[in-house]
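A.B. asks: coordinates only, no sequence provided:
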């Protein structure tokens, strides 16, 4: 006999969390209901400040002392809220274990990895030191860390980010918990490493049969891993459903907007639908629906009361018009206003357009120094070791690579406007090695940069009007021109010129990035270098900035060098793409050619690692998992640098073909490929390209 | 780790040589032993002054380098030269060094240990009454010069004596003269005499260390790895001690090296106030008497002590933090 209602493994009811601050309590979670059944994966998705991490942490009572928790969290029917510390400690790590976001700071730096895992075992199980250590080695082996016995004695700083996150998972499953709480477990990692870690998380679940709560801002990660999804906004769950249902037919306009705002790897250009505005601060939420101010479907009754989560067959949404959305199933672009974007550069006659930037054979090394008083050189870091770039007027060139691939070093070499260590940089027809100081100063106005972190790259003590005017002053522009240009620039990037006297902290993240763009545009550059311009922004804000960039490019005839680790953004925005690995350009060509028919095995692996925000497509596609981490850039190997991780090389049977990879360094084959009957330039630095 | 420490030791040896040479050069040129002899009554003949200065290796007409050479030659045989009163410096040195070391070691160790404990506790109880109280107290102590603290303690001891009719806590000297009895009685007597001077030295250290420790501990309290430790199932107290304090104490080891000089400066006052015949008192005295060789000997002592505490701090740092070893 089964009882009518099965007790869920974890039941969160009306969870409320306030943080007590100097100006009174600020809510972070405002009445969250969640149910987790044995063995399932529940995805919690939301943007920063939505309360998703706080919800996960409050399950285990791990919030800081300033948090006030109300409501109920029941584990197998047992109430956890208000449980004394000692009893909670017995549950933590034993029945419910956690995997945190940043694996470097999540390990105590002074203890060995093995000891930290063994400690987790010994806290809950009466085993001796040697047994716990053996168990730790087994766990490290399970999560795929090579030579686990040696790895036990490593310190956290000796591990790479991916290895630390594997060890973190090993520690979490040490006591075979019933529930794993993973709080943004792959956010700090590169995309190929993210794919590895998600795979390990899957293995860990299969081994232990644990249910998983996966907290993430990344719809793609959620789509691939979750069974059911809860979407959070302003401290509440606004929609919850099975993963297929949620992505196919969202019933809350916010979910719909999130899906529409996300650039997709498999999609085509065209404008993204940004969600207008920004989330209201949690300390001053308006009455009624907190999303009303940004919602295209807003009605008068929305501001009257906050709608409750309602709906049948497991698909519930907190919106008064959810039934209408369920029936109509609109596409995001049918609900949200789609911005009109001017067309990009006409394709085809690329050779006829003037080159803006051409880089060939660029190299840059940093000396490795040793010694306290007398420094001596003991080696070299080959940060950039053969970069090729080709950017023409009106184009966007995407520069893609994982951390350590030399993207930033390449940018700094360009911005130096001097002679590169090796290779040649030609900017708007000038060889930068032969510039005089005056010429370099003039050329600097043609080349401007927008940095990743809009808060760190704006002087917090300068009004934004002055920030935007600064490049003009540096170029000695007359006072009248500055006075005329500043309001014009602010208007151009979608800001109110009246706000010129405000300071950066009075703007939201997306607005700050717009200020950075206005500053870069002040001196009317021809080439804009965009260094991860949207990676610090939430999806709904990011879409607006990307659309602005596209619009500005067309209006002002700019060329972009767009650096990003996010392949979906590159696919959406760029005309051409250049892929870097270990300081070298491994593939470049037109975006559609490279993304649809990658020729280099690294590009193929990189593309296959990107999760798609589409559950059906996520499950159906093949994944190429790369083994291990990129090798150290201090050694300069002969032959192909990608060889150590290359699935193609590993599968080569022919000895002569293998030797070619080991002996000779592949160069970008500059011959034009033929794609769909059209001639396109598409080169790959591989001895056996596809 | 051994390699790292050997390297540091070599580095400190080089620093020691440099420090001693500089100390010699400065004292030998700034102090004027000649005026000491010239001021003697009855005034000795110029010839005899010259003779005495030369025999004491103090003659300012010999180049500093040559005098330093003489002095170093003696040092290699364990000879620190002669005082201006023509007695061996080593005698005074040997008598006074343990008096001071006892006080300084105890004072600094006590200050550090109590300071670390108070700081960590204060951080855990941030913004509560006990934390605020400790904050106020340490700022009061930090802004009070050592000699004032020492004088307060001494006056307190005198008041206690007046009130009780007999000496409650000794406040002069480092032992009761002519004490009979076994080793136990002597140790108890020393400990009692050490009490007030040690406390006056330790209080300053306690205040400084507790401030720094509170800061580093607060950083650790918000750290992800402390949260990880709790998520593993460690109780808050165990997580705080094993993962929190253990990491937060690392920066303190560096401070330990540089605080020792402050302790010596403090000891100069405490020794004078509590009537201890230690190195501090000797330093003041020798400078007044233009006694170059004694001043250099004291400088040698402080240099060795400071560098030794630096080495100790390095050892501690390497033992506590695996990241510096590699």
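C.D. replies: Nice, thanks for sending it over. Source: prediction; values computed, not measured.

A.B. asks: from what I can see residue B:57 touches residue B:293, true?
C.D. replies: Yes: applying CB atoms under 8 Å, one finds residue B:57 in contact with residue B:293, separated by 7.2 Å. Every C-beta, even on glycine, is put in place using the N, C-alpha and C of the backbone.

A.B. asks: wait, what's in contact with residue A:617?
C.D. replies: Counting by CB atoms under 8 Å, 6 or more residues apart in numbering or on different chains, residue A:617 makes contact with residue A:266.

A.B. asks: distance check, it against residue B:310.
C.D. replies: According to CB to CB, to the nearest Å, residue A:617 stands 63 Å off from residue B:310.

A.B. asks: check residue A:664 too.
C.D. replies: Taking CB to CB, one finds residue A:664 at 54 Å from residue B:310.

A.B. asks: the more surrounded of the two?
C.D. replies: Higher neighbour count among residue A:664 and residue B:310: residue B:310, with 19 against 12, using other CB atoms under 10 Å in any protein chain shown.

A.B. asks: can you pull out the helices in the stretch 101-250 of chain B?
C.D. replies: Secondary structure of the stretch 101-250 of chain B by DSSP state H, counting those that start in this stretch: the helices cover B:129-142, B:146-164, B:183-221, B:224-232, B:236-239, B:246-248, B:250-273.

A.B. asks: how many residues are close by the residue of chain A found nearest chain B?
C.D. replies: Using CB to the nearest CB, the closest approach of chain A to chain B is made by residue A:93 at 3.5 Å. Counted by other CB under 10 Å, the residues lying close to residue A:93 total 27.

A.B. asks: that one contacts residue A:123, doesn't it?
C.D. replies: Yes: taking contacts as CB under 8 Å, residue A:93 lies within contact range of residue A:123: 6.3 Å.

A.B. asks: now do the shared contacts for those two.
C.D. replies: Joint contacts of residue A:93 and residue A:123 (CB under 8 Å, 6+ apart) are B:232, B:233.

A.B. asks: thinking again about what came up before, out of the helices of the stretch 101-250 of chain B, deepest packed?
C.D. replies: helix B:224-232 (a mean of 24; mean count of other CB atoms under 10 Å in any protein chain shown).

A.B. asks: spell out which residues of the stretch 101-250 of chain B are next to chain A.
C.D. replies: Taking CB under 8 Å from any CB of the partner chain as the contact definition, the stretch 101-250 of chain B meets chain A at B:222-225, B:227-236, B:243, B:246-247, B:250.

A.B. asks: rerun at 6 Å
C.D. replies: Contact residues, the stretch 101-250 of chain B versus chain A (CB under 6 Å from any CB of the partner chain): B:224, B:225, B:227, B:228, B:231, B:232, B:233, B:234, B:235, B:236, B:243, B:247.

A.B. asks: can you read off the pLDDT for residue 100?
C.D. replies: In the absence of a named chain, chain A is used. pLDDT, residue A:100: 90.

A.B. asks: my question was about chain B, not that one.
C.D. replies: For residue B:100, the pLDDT comes out at 89.

A.B. asks: for it, give me its contacts.
C.D. replies: Residue B:100 sits next to B:278, B:279 when contact means CB atoms under 6 Å, 6 or more residues apart in numbering or on different chains.

A.B. asks: tell me if it really is in a strand.
C.D. replies: No: with DSSP: H, G, I helix; E, B strand; the rest coil as the criterion, residue B:100 is assigned helix and is not in a strand.

A.B. asks: look up how far chain A lies from it.
C.D. replies: For residue B:100, the distance to chain A equals 31 Å [CB to the nearest CB, to the nearest Å].

A.B. asks: buried set for stretch A:466-483?
C.D. replies: Neighbour-count burial for stretch A:466-483, counted by 16 or more other CB atoms under 10 Å in any protein chain shown, picks out A:466, A:467, A:468, A:469, A:470, A:471, A:472, A:477, A:482.

A.B. asks: now do the buried residues in stretch B:168-177.
C.D. replies: Residues of stretch B:168-177 classed as buried by neighbour count (16+ other CB under 10 Å): B:168, B:169, B:170, B:171, B:174.

A.B. asks: and these, which is closest to chain A?
C.D. replies: The closest of those to chain A turns out to be residue B:174 (CB to the nearest CB; 40.2 Å).

A.B. asks: which residue does the stretch 151-300 of chain B bring closest to chain A?
C.D. replies: Proximity of the stretch 151-300 of chain B to chain A (CB to the nearest CB) peaks at residue B:233, 3.5 Å away.

A.B. asks: pretty sure that residue contacts residue A:93?
C.D. replies: Yes: in this structure residue B:233 lies within contact range of residue A:93 using CB atoms under 6 Å: 3.5 Å.

A.B. asks: could you redo the helices of the stretch 101-250 of chain B as CSV and give each row distance to residue A:326 and mean pLDDT?
C.D. replies: Formatted as CSV, the helices of the stretch 101-250 of chain B follow (distance: least, CB to CB, whole Å; pLDDT from 0 to 100):
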stretch, distance to residue A:326, mean pLDDT
helix B:129-142, 55, 92
helix B:146-164, 77, 91
helix B:183-221, 47, 91
helix B:224-232, 39, 93
helix B:236-239, 47, 92
helix B:246-248, 53, 92
helix B:250-273, 58, 84
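
A.B. asks: show me which residues of the stretch 51-200 of chain A sit near chain B.
C.D. replies: Within the stretch 51-200 of chain A, the positions near chain B by CB under 6 Å from any CB are A:62, A:85, A:89, A:92-94, A:98, A:100, A:105-108, A:110, A:120, A:123-124, A:155, A:157.

A.B. asks: and if we set it to 8 Å?
C.D. replies: With CB under 8 Å from any CB as the criterion, the stretch 51-200 of chain A meets chain B at residues A:60, A:62, A:64, A:85-86, A:89-94, A:97-98, A:100, A:102, A:105-112, A:119-120, A:123-124, A:155, A:157, A:168, A:171, A:175.

A.B. asks: buried subset of these?
C.D. replies: Buried subset of these (neighbour count, 16+ other CB under 10 Å): A:60, A:62, A:89, A:91-94, A:97-98, A:100, A:102, A:105-112, A:119-120, A:123-124, A:155, A:168, A:171, A:175.

A.B. asks: tell me the helix or strand right after the strand or helix carrying residue A:426.
C.D. replies: Applying DSSP states H and E as the criterion places residue A:426 in strand A:422-427. Counting by DSSP H and E, the next helix or strand C-terminal to strand A:422-427 is strand A:430-431.

A.B. asks: average pLDDT for that following strand?
C.D. replies: 92.

A.B. asks: quick check, residue A:361 in a helix?
C.D. replies: No: assessed with three-state DSSP, residue A:361 is strand; it does not lie in a helix.
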